[in-house]
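[1] The amino acid sequence is not available; the structure is as follows:
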C-alpha cells in the first residue's frame, strides 16, 4: 500500500478473475466522456465477454494493474492500467483510466510507473498507444511520462504515443 498526499491508502496490484464485480462497477461509474476517451466509442456497460477478457488475463501476453482504495471495508477500484504485448514480442500497447472523482491526485502516474516497470521486467523495449487527438489531458499526461507524441499517419483523429523502455 502507498499513501496518497491526503493520507488515503492506495493499493496497486495485478487484476484477478475475482475482481470482475469491482471492474464492472468501476467502468459503470466512469463518466460518458471518460468511457468514450478510454474505449474510443460509446459504451454503457461491459459485456460478459469484455469483463472476462479484462479480468482473466494471460500474464505471458499482457498485464493489467488496478488501483484500489478501501471504503466501508470494501475494495473499490479507482483506476486501471494495462498493456498487451504486440505480435513482434518486443513492444506493447497500453491503456489507462482513472475514475473521474479520483483524477489529479497522482494515481495515473503511480499506475503508469508500475506498468512501465512490469513491461521492462518482461523484457519489452517499447510501450505505445493510440490517443484521441482531442484528449488533451491524456496527451499532456503522456508527455509528462516522457512519451513521444506524434500524429497518427492513418487516422487524423488519433495521435500515437510511444516510449522506449
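    Nice, thanks for sending it over. Being a predicted model, the structure only gives us computed values, none of them experimental. Numbering: from 1, shown residues only.
[2] got a list of what residue 30 touches?
    38, 97, 99, 100 (CB atoms under 8 Å, 6 or more residues apart in numbering). The way it works is simple: take the backbone N, C-alpha and C, and place the C-beta from them, glycine included.
[3] Could I get the full set of helices for this structure?
    Counting by DSSP state H, the chain has these helices, from start to end: 20-29, 32-39, 48-55, 107-121, 136-144.
[4] who does the third one touch, helix- and strand-wise?
    Helices and strands touching helix 48-55, by 3 or more CB pairs under 8 Å, 6 or more residues apart in numbering; DSSP states H and E, are helix 20-29.
[5] Now for this protein, the helix or strand with the poorest mean pLDDT.
    helix 32-39 (a mean of 73; mean pLDDT, DSSP states H and E).
[6] quick one: strands adjacent to the longest strand anywhere in the chain?
    Identified as the longest strand of the chain according to DSSP state E is strand 74-85. Partner strands for strand 74-85, per DSSP bridges, with pairing direction: strand 62-71 (antiparallel), strand 91-98 (antiparallel).
[7] Now the last one: average pLDDT?
    Confidence over strand 91-98 (mean pLDDT, whole number) is 95.
[8] Now tell me what touches that strand from outside.
    30, 34, 37-38, 62, 67, 78-86, 107-108, 111-112, 115, 119, 124-130.
[9] Buried among those? Make that a ChimeraX selection.
    Selection command for ChimeraX covering only the buried members of the contacts of strand 91-98, criterion 16 or more other CB atoms under 10 Å:
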select :30,34,37,38,62,67,78,79,80,81,82,83,85,107,108,111,112,115,119,124,127,128,129,130
